[in-house]
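Colleague: Show me how the following folds:
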Amino acid sequence: MNNRKVRVRFAPSPTGPLHMGGVRTALFNYLFAKKNNGHFILRIEDTDQTRYVQGAEDYIIESLKWCGIEIDEGIEEGGAYGPYRQSDRKEIYKEFAESLIESGKAYYAFDTPEELDAMRERLKEEKSSIQQYNAVTRTDMRNSLTLPEEETNSLLKESPYVVRFKMPDNEEVIVEDIIRGKVKVNTNQLDDKVLFKSDGMPTYHLANVVDDHLMKISHVIRGEEWLPSLPLHVMLYRAFGWEASQPEFAHLPLLLKPSGKGKLSKRDGDALGFPVFPLEWTDPKTGEVSRGYREDGYFPEAFVNMLALLGWNPGTEEEIISMRDLISSFDLHKVHKAGAKFDHEKAKWFNHKYLVNRSDEKLARLYQKVLREKGISVEDIYVINVVKLIKERTNFVSEFWDQSYFFFKAPTEYDAKFVKKRWKDNTNKILSELKMQFEIVETFNHENLEKVIQDFLEGKEFGMGQVMNPLRLTLVGAGIGPGVLEIAELIGKEETLRRLQAGLDNIKKE
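Modeller: Numbers count the residues shown, from 1 in each chain. Predicted coordinates:
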């Protein structure tokens, strides 16, 4: 690592909701910055105004906040290197584009879309291996390299134009990537990319390099999809004479579909029933709603922990790692080159682990919101005791109700299959006798009830299943839930006896 102050940036485009792959890029930047006492910068790259989506910028910021990724410099936070939105930096880029033209590293191009299409078509017909605007084809096109100076000056006043980078002929571009190792490309394989567009806005390539330089970015940590742009960016650093301050690069592996074949997309989530966005997103044009991890009930810590281990691990068997420990153990050299396969069942597992490790009091507070929505009003201590019994059986707080509704309301119907299987001809007689034993229990707790059951079974020579299964049916209405005596203790003696009697009155074996 170079000795500069570590400054990294996450630079998303506000073209829609932030994909979980983008969140992982932000997370790895953040972990690296914090590990090295550096700064994490959020920069909004909105140079492509045609793809700008209303609300996307706010969505990005809210997503990072939900994940606990703290921004040191950005649109809301400010900082010494702003503005942090590229559309607010418009005038800066024009100056740098013109400086490249003056130094002979870039040129004006006046080709119309039709002329560009004709060039590509001609090359296709000639079966040329080159079908792009480059050192070979630029000599036949309308640009400031081929036109007289007088005509160029005239066209600059009256015609739309772009600024293209003048890619050198037959040079080796070699750059060391922290994750990929040595990246080597010949400039003959590269085209003369547009740096400045006819609408007065820079392209991603120019704005990205200029901003990284001006913001003193020390490390560029971004997705694998930007690897093909790396040689151009290195050439731009050279063209500007900024080699000495060029950042180090690290290109993260792709997030792959659960099958491992291809990049993870929203379509995969829709097909397999999981979100690919951190927060729920409503498309402002179509009104289509896409699921989010937050709204699906994931804890942000679980989501972050899961993402961190997609393509990186600390070199240990440990999987449940707090943000603090992620920061202390993060190392870019341990990021894998190969794509990381996403497993949505494993994502649930992470949430389950964070759920069971949360205090019963915190979970009860979350569950109370659900209960209030259902019009159920109970004391906190009762909900805490319910949570204690059921949380191991769930992955999300949203599943609590299905695992515990019987603690809040007596059954009004009984599972027919369970009745058919467990309610025998002598069950009414057995439970009637057990009810009488329960009636004389003074301290109605698990320990005393267990002793009553044990004595009852030994005295009557009944099997455990003959008693406990139908007892569960009367208290719950189905064959689900934690230990039946734990249920009885929590709902209390009066309610247990009431439900027992209701079962005896209403359950009829067909």
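Colleague: dump the residue contacts of residue 171.
Modeller: Contact partners of residue 171, counting by C-beta atoms under 8 Å, 6 or more residues apart in numbering, are 186, 187. In this view, the C-beta of every residue, glycine as well, is placed from N, C-alpha and C.
Colleague: nearest spatial neighbour of residue 89, skipping sequence neighbours?
Modeller: For residue 89, ignoring the flanking residues on the chain, the nearest one in space by C-beta to C-beta, 6 or more residues apart in numbering is residue 83 at 5.5 Å.
Colleague: roughly how far apart are the residue of the chain positioned farthest from its centre and residue 450?
Modeller: No residue in the chain sits farther from the centre than residue 459, which is 59.0 Å out by C-alpha atoms, centre = their mean. Here the criterion is C-beta to C-beta, to the nearest Å. By it, residue 459 lies 15 Å from residue 450.
Colleague: swap in residue 30?
Modeller: Relative to residue 450, and taking C-beta to C-beta, residue 30 is found at 51 Å.
Colleague: swap in residue 413?
Modeller: Noted for residue 413: a distance of 29 Å to residue 450, by C-beta to C-beta.
Colleague: Compare those two (neighbour count), which wins?
Modeller: Regarding residue 413 and residue 450, a neighbour count based on other C-beta atoms under 10 Å identifies residue 450 as having more, with 13 against 9.
Colleague: Let me see the contact set for the nearest residue to that one once chain neighbours are set aside.
Modeller: The shortest distance from residue 450 to any residue other than its chain neighbours is 5.9 Å, reached at residue 485 (C-beta to C-beta, 6+ apart). By C-beta under 8 Å, 6+ apart, the residues touching residue 485 are 446, 449, 450, 453.
Colleague: and the helix or strand hosting residue 485, how far from the chain's centre?
Modeller: Of the helices and strands defined by DSSP states H and E, residue 485 is found in helix 484-491. With C-alpha atoms, centre = their mean, to the nearest Å as the basis, the distance from the averaged C-alpha position of helix 484-491 to the chain average is 40 Å.
Colleague: buried set for the very next helix or strand once past it?
Modeller: Sequence order places helix 493-506 as the next helix or strand after helix 484-491, per DSSP H and E. By neighbour count on 16 or more other C-beta atoms under 10 Å, the buried set for helix 493-506 is 493, 496, 497, 499, 500, 502, 503, 504.
Colleague: Quick one: mean pLDDT for stretch 19-29?
Modeller: Averaged over stretch 19-29, pLDDT sits at 97.
Colleague: next one: stretch 209-216
Modeller: For stretch 209-216, the per-residue pLDDT averages 98.
Colleague: in that stretch, what counts as buried?
Modeller: By neighbour count, with 16+ other C-beta under 10 Å as the criterion, the buried positions of stretch 209-216 are 209, 210, 211, 212, 213, 215.
Colleague: residues in contact with the nearest residue to the last one once chain neighbours are set aside?
Modeller: Using C-beta to C-beta, 6+ apart and skipping residues adjacent in sequence, the residue nearest residue 215 is residue 81, 4.3 Å away. The neighbours of residue 81, taking C-beta under 8 Å, 6+ apart as the test, are 41, 73, 214, 215, 216.
Colleague: Provide the count of other residues in contact range of the second one.
Modeller: Translated: residue 73. Around residue 73 sit 20 other residues, with neighbours defined as other C-beta under 10 Å.
Colleague: Please name the bridge partners of it.
Modeller: Under the criterion DSSP bridges, residue 73 forms beta bridges with residue 41.
Colleague: Which pLDDT does the model give it?
Modeller: We note a pLDDT of 98 for residue 73 in this prediction.
Colleague: Please renumber the chain so that the first residue is 312 from this point on.
Modeller: All set: I'll call the first residue 312, so the last point we hit is now residue 384.
Colleague: ok, now which ones touch it?
Modeller: Contacts for residue 384 were tallied using C-beta under 8 Å, 6+ apart; they are 350, 351, 352, 353, 390, 391, 392, 393, 395.
Colleague: filter these to the buried ones?
Modeller: Looks like these have 350, 351, 352, 353, 390, 392, 393, 395 buried, using 16+ other C-beta under 10 Å.
Colleague: tell me the two of those that are most distant?
Modeller: Maximum pairwise distance in the buried ones among the contacts of residue 384, criterion C-beta to C-beta, is 14.9 Å, between 351 and 393.
Colleague: low-scoring stretches of the chain, by residue?
Modeller: Low-confidence segments of the chain (pLDDT under 70): 312-313, 820-821.
Colleague: again, only this time at 90
Modeller: Counting by pLDDT under 90, the chain has low-confidence residues at 312-315, 358-362, 401-402, 434-435, 437-443, 447, 510-512, 626, 769-774, 819-821.
Colleague: all strands of it, in order?
Modeller: Shown for the chain, the strands assigned by DSSP state E span residues 318-321, 350-353, 417-420, 473-476, 483-488, 492-497, 505-507, 530-534, 559-563, 566-567, 592-593, 600-601, 651-652.
Colleague: what about residue 648, how many neighbours?
Modeller: The local packing count at residue 648 equals 13, with neighbours defined by other C-beta under 10 Å.
Colleague: tell me the contacts of it?
Modeller: Contacts were defined as C-beta under 8 Å, 6+ apart; by that measure residue 648 touches 490, 491, 564.
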